[in-house]
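A.B. asks: Here is a sequence together with a model predicted from it:
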Protein chains: 2
Amino acid sequence: MLIVQKYGGTSVGSIDKIQAVANKVAACRAQGNQVVVVVSAMSGVTNNLTAMAFELQKEPSPREMDMLLSTGEQTTIALLSMALQSIGCPARSYTGGQVRILTDSAHTKARIQDIDEEKILNDLDQGEVVVVAGFQGVDEKGNITTLGRGGSDTTAVALAAALKADECQIYTDVDGVYTTDPRVVENARRLDRITFEEMLEMASLGAKVLQIRSVEFASKYNVPLRVLSSFEDGPGTLIGSEDESMMEMPLISGIAFTRDEAKLSVVGVPDVPGMAYKVFGPISDANIEVDVIVQNIGADNTNDITFTVQKKDADAASKLLESIANDMGARGIEVDDKVSKVSLVGVGMRSHAGIASRMFEALSQESINIQLITTSEIKISVIIEEKLLESAVRALHVAFELDQQSE
Amino acid sequence: MLIVQKYGGTSVGSIDKIQAVANKVAACRAQGNQVVVVVSAMSGVTNNLTAMAFELQKEPSPREMDMLLSTGEQTTIALLSMALQSIGCPARSYTGGQVRILTDSAHTKARIQDIDEEKILNDLDQGEVVVVAGFQGVDEKGNITTLGRGGSDTTAVALAAALKADECQIYTDVDGVYTTDPRVVENARRLDRITFEEMLEMASLGAKVLQIRSVEFASKYNVPLRVLSSFEDGPGTLIGSEDESMMEMPLISGIAFTRDEAKLSVVGVPDVPGMAYKVFGPISDANIEVDVIVQNIGADNTNDITFTVQKKDADAASKLLESIANDMGARGIEVDDKVSKVSLVGVGMRSHAGIASRMFEALSQESINIQLITTSEIKISVIIEEKLLESAVRALHVAFELDQQSE
């Protein structure tokens, strides 16, 4: 098998940890696999470099930031290659530029356009482990670029796609994806597999195991992703396409939730075109991210438009909304900054009626009042009172039997 | 003027110092110059990286060492560019690879073969300061290489040669080249200028202001070098070719000296061919560096072969020599590990008789016994008793009026 492994900053945060990673990599190769390893900067390094930059300049040039930060991963690849060689495992390191991870020129948030896989494949054929710096690339003019947040995951997935790898393994500090947060539900269960779509819904809803961007990327190129622990052995969770294994998928894969939301409503909005834009234009211009949007029919031929934002943005949003509501001839606004969102996620719900009613029933049995409901193909979300979040998650976990392995 | 400036590790050893360097660079540009800056890693960084490497591997792979160490200079170029931009001076950083400082593949001690000056000249024409990472390059396959000791000086001189710069300024912690060590002779004088040849003799004899390799390189391509202080203002010392200014050159430029030498002699060596090789073959095989070599006619058709080594090598050399002397049928060996070397250096002595006798006279007036004498075109060296070194240097400094500016 050709396997791309990715280790993040905490997994390579010291010389000892780099040696531990080398042992894992060498073991994988000893099983007859070809291995490409993508690594991040040692934890703390990027922050130190960034701090120095900000001492010099309030808004450091993005090109120079990329020049600066890319040294972090370059340090790790050299050290990991040495660690591998010291245990008799042939290895060779490459910067992003050296294996020509070609990106656009959007410094600090560049997007990968192409990868030259030939050098890597040659080295693999000669039995070498190839160690590639994550997070970085070069643009057409040879400037060093970085990929922005979660960039090393993206590098790993892009390499796996370019090399047609059998699996892209993301090593992290958790041992897989869980049905929900184990800190809330004690018997939350590690999932053996989950689809890309479900993972996207889980991730964007707060189960932050993988960067959304790398999941999207893996989904687009159909690269099987596996989330594993750097620190203990175990099979992790495989994230793949639905068609491979649909028959075995349970109805519901997991329960995601988000704390610290605020709910804002404009009530009594005249039922004429353009009202939604009048609300969300100014909100978006103020760089306030909106999560859920629900529009409902209100009384007297008016509508109620409700949405949620992060709690920290509630004040700014409500101030904007007051003048907006006035202009629109709306009756008024309502703000509640003590709400949470709970979501059921599962590709299975697409073909099964009754998931929603089972969800609502479970919540009603706990006397949890549902304030808003939104649905997508594979997700149902409800907004509830903040303090009821944990009991809602626990009730749903039981109701959908998530603690039990599906048959 | 097009000026290449080079700042070493201590000159860029902190954020404050980087800001000070930025001010110097910007001032030079504000005077209407085009400026290329070459920087080393911040002091301490290279040692830290090296220490990590040795924790992982006893003999780290040279390729991976270069990958690792080259991050040090890359960090500095980004930070210096930010510092320049923050004071309104447009700047752009480049790694060695990005301006294609092409080297051979001798990792950790690569030699520069070519530089692509086009990118730099373009940036200069657009008013940018170009900041280049010292010490590093790439080989034909795109592997990162480093140039070994003094590499940043070499980068600066090579860039100056490729760009046909008017001057290559090496900023260091001294404000120029002195007639001799000011710690020995209080009124030692900073030289306004000195020739490449003199500088080479001075440097190799212990006045370690510049790396020999960069002086050779500058001499080969006739790049005027200027040694200046990073920390105070001043004209420094210009190192150039002889023909430019020969008329103004004094007879003697300076007095160099080396402490901690040991003198070894094989006495009564039969006067037949091959004897010198029999002595120095084994010494060289043992990696012992020999400094001065003198062969003299001894008594009874035999020769005396005398040479000096560093004091730390005296024991090893004398042990080797004992068996060698025996094999050769020599009368015996003599070892004195309490000697020093004092050298007069000056292109002027080539055309003037009498320098040697004036030197010997001055030493004799101080009752300093001369043990060995060697001469080259622009240098006379004597080996004397170690404890007399300082009085010899002082006597010569007075005798040749080195404290007085030459007319």
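C.D. replies: All right, it came through fine.
A.B. asks: May I have the secondary structure class of residue A:291?
C.D. replies: Assigned with DSSP: H, G, I helix; E, B strand; the rest coil, residue A:291 falls in the strand class.
A.B. asks: Let me see the contact set for it.
C.D. replies: Residues in contact with residue A:291 (C-beta atoms under 8 Å, 6 or more residues apart in numbering or on different chains) are A:258, A:261, A:307-310, A:341. Yep, even glycine has a C-beta here, placed from its N, CA and C like the rest.
A.B. asks: change it to 10 Å
C.D. replies: Neighbouring residues of residue A:291 by C-beta atoms under 10 Å, 6 or more residues apart in numbering or on different chains: A:204-205, A:258, A:261-263, A:307-310, A:341, A:374, A:381, A:383.
A.B. asks: So which of those residues are in strands?
C.D. replies: Among those, the members falling in strands (DSSP state E) are A:258, A:261-263, A:307-310, A:341, A:374, A:381, A:383.
A.B. asks: what's the distance between the residue in chain A sticking out farthest from the centre and residue A:276?
C.D. replies: Most distant from the centre of chain A: residue A:300, at 42.5 Å, with distances by C-alpha atoms, centre = their mean. According to C-beta to C-beta, to the nearest Å, residue A:300 and residue A:276 sit 19 Å apart.
A.B. asks: Could you pull out the helices in the stretch 301-407 of chain A for me?
C.D. replies: Assigned by DSSP state H, counting those that start in this stretch, the helices in the stretch 301-407 of chain A fall at A:314-328, A:355-365, A:389-399.
A.B. asks: Likewise for the stretch 1-150 of chain A?
C.D. replies: Counting by DSSP H, counting those that start in this stretch, the stretch 1-150 of chain A has helices at residues A:15-30, A:45-56, A:62-86, A:118-125.
A.B. asks: What pLDDT is listed against the spatially closest residue to residue A:161 that is not a sequence neighbour?
C.D. replies: Spatially, and ignoring its direct neighbours in sequence, residue A:161 is nearest to residue A:221 (3.7 Å; C-beta to C-beta, 6 or more residues apart in numbering or on different chains). On pLDDT, residue A:221 comes in at 91.
A.B. asks: so residue A:72 touches residue A:9, yeah?
C.D. replies: Yes - applying C-beta atoms under 10 Å, one finds residue A:72 in contact with residue A:9, separated by 8.4 Å.
A.B. asks: Overlap in contacts, the two.
C.D. replies: By C-beta under 10 Å, 6+ apart, the residues touching both residue A:72 and residue A:9 are A:39-47, A:134-135.
A.B. asks: I'd like to know how far the closest residue to residue A:365 other than its chain neighbours sits from chain B.
C.D. replies: In space, and not counting its chain neighbours, residue A:365 is closest to residue A:395: 7.0 Å by C-beta to C-beta, 6+ apart. Noted for residue A:395: a distance of 51 Å to chain B, by C-beta to the nearest C-beta, to the nearest Å.
A.B. asks: Tell me who's in contact with residue A:395.
C.D. replies: Going by C-beta under 10 Å, 6+ apart, residue A:395 touches A:185, A:255, A:342, A:359, A:361-366, A:368, A:388.
A.B. asks: from these, which would you call buried?
C.D. replies: The neighbour count (16 or more other C-beta atoms under 10 Å in any protein chain shown) marks A:185, A:255, A:342, A:359, A:362-363, A:368, A:388 as buried among the contacts of residue A:395.
A.B. asks: possible to save those residues as CSV with pLDDT and distance to chain B?
C.D. replies: Listed next are these as CSV, based on pLDDT from 0 to 100; distance: C-beta to the nearest C-beta, whole Å:
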residue, pLDDT, distance to chain B
A:185, 91, 42
A:255, 93, 43
A:342, 93, 45
A:359, 90, 52
A:362, 92, 54
A:363, 92, 53
A:368, 92, 52
A:388, 94, 49
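A.B. asks: would you list these in a markdown table and tack on distance to residue A:15?
C.D. replies: Below are the buried ones among the contacts of residue A:395 laid out as a markdown table (distance: C-beta to C-beta, whole Å):
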| residue | distance to residue A:15 |
| --- | --- |
| A:185 | 38 |
| A:255 | 40 |
| A:342 | 43 |
| A:359 | 49 |
| A:362 | 50 |
| A:363 | 51 |
| A:368 | 50 |
| A:388 | 47 |
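A.B. asks: can you give me the strands for the stretch 101-250 of chain A?
C.D. replies: Assigned by DSSP state E, counting those that start in this stretch, the strands in the stretch 101-250 of chain A fall at A:101-103, A:112-115, A:129-133, A:136-138, A:144-146, A:167-172, A:193-195, A:225-229, A:237-240.
A.B. asks: taking the mean pLDDT, what do you get for the second one?
C.D. replies: Averaging the model's pLDDT scores along strand A:112-115 yields 93.
A.B. asks: Could you do the fourth one as well?
C.D. replies: For strand A:136-138, mean pLDDT rounds to 97.
A.B. asks: Put the buried members of the shared contacts of residue A:72 and residue A:9 into a ChimeraX selection.
C.D. replies: This is how ChimeraX selects the buried members of these, with burial counted by 16+ other C-beta under 10 Å:
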select /A:39,40,41,42,43,45,46,134,135
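A.B. asks: can you narrow the shared contacts of residue A:72 and residue A:9 to ones near chain B?
C.D. replies: A:42, A:45 (C-beta under 10 Å from any C-beta of the partner chain).
A.B. asks: Export the shared contacts of residue A:72 and residue A:9 as JSON lines, with columns for distance to residue A:121.
C.D. replies: Formatted as JSON lines, those follow (distance: C-beta to C-beta, whole Å):
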{"residue": "A:39", "distance to residue A:121": "20"}
{"residue": "A:40", "distance to residue A:121": "24"}
{"residue": "A:41", "distance to residue A:121": "26"}
{"residue": "A:42", "distance to residue A:121": "28"}
{"residue": "A:43", "distance to residue A:121": "31"}
{"residue": "A:44", "distance to residue A:121": "34"}
{"residue": "A:45", "distance to residue A:121": "30"}
{"residue": "A:46", "distance to residue A:121": "30"}
{"residue": "A:47", "distance to residue A:121": "35"}
{"residue": "A:134", "distance to residue A:121": "19"}
{"residue": "A:135", "distance to residue A:121": "22"}
